[in-house]
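**Student:** Got a sequence here, can you build the structure:
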Amino acid sequence: MPHPSLDSFFFWTSGSEAVEAAIKMARITTGRQQIICMQGGYHGRTYGAMAVTRSKTIYSEGTYPIMERVSHLQLPAPQPGVFVTPYPYWHQHGVSPSTPISTL
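**Tutor:** Predicted structure coming up:
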């Protein structure tokens, strides 16, 4: 475990369940309700996960209204000579989002 206070874990049955739990935990811990997700992301087909899925709008077709307080943002447009990653874990690899392609 990464920290001594974390003494347990839970295996989820599906990725959608993990996304639902992450949304719930984020809202409870921060006290904030707004969720921001990126256009093109797929998070699952359960109700909450579907609200933050924007890879295909067909997934949520006919299920409106979906979860409230969700904002969808476009990925930034690529710039010549600049490495842009849509993945949230770039910082764990020591790569800055403004790293030039020639450095990679």
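**Student:** check which helix or strand covers the nearest residue to residue 52 once chain neighbours are set aside.
**Tutor:** In this structure, residue 52 finds its nearest non-sequential neighbour in residue 37, 4.0 Å apart by Cβ to Cβ, 6 or more residues apart in numbering. From N, CA and C alone the C-beta is placed, and that goes for glycine too. Assigned by DSSP states H and E, residue 37 falls within strand 35-38.
**Student:** what packs against that strand?
**Tutor:** helix 15-30, strand 70-73 (3 or more Cβ pairs under 8 Å, 6 or more residues apart in numbering; DSSP states H and E).
**Student:** Now tell me what touches the last one from outside.
**Tutor:** Outside of strand 70-73, the residues within contact range by Cβ atoms under 8 Å, 6 or more residues apart in numbering are 34, 35, 36, 37, 38, 39, 51, 52, 54.
**Student:** which among those residues gets closest to residue 11?
**Tutor:** Among those, residue 52 lies closest to residue 11 (Cβ to Cβ), at 21.9 Å.
**Student:** tell me the mean pLDDT for stretch 15-24?
**Tutor:** Mean pLDDT, computed over stretch 15-24, is 89.
**Student:** Need the residues that contact it.
**Tutor:** The contact list for stretch 15-24 (Cβ under 8 Å, 6+ apart) reads 12, 35, 43, 44, 45, 46, 47, 48, 49, 52.
**Student:** So which of the residues you listed sit within helices?
**Tutor:** Of those, the ones assigned to helices by DSSP state H are 47, 48, 49.
**Student:** quick one on the thing from earlier: quick one: strands adjacent to the strand holding residue 37?
**Tutor:** strand 70-73 (parallel) (DSSP bridges).
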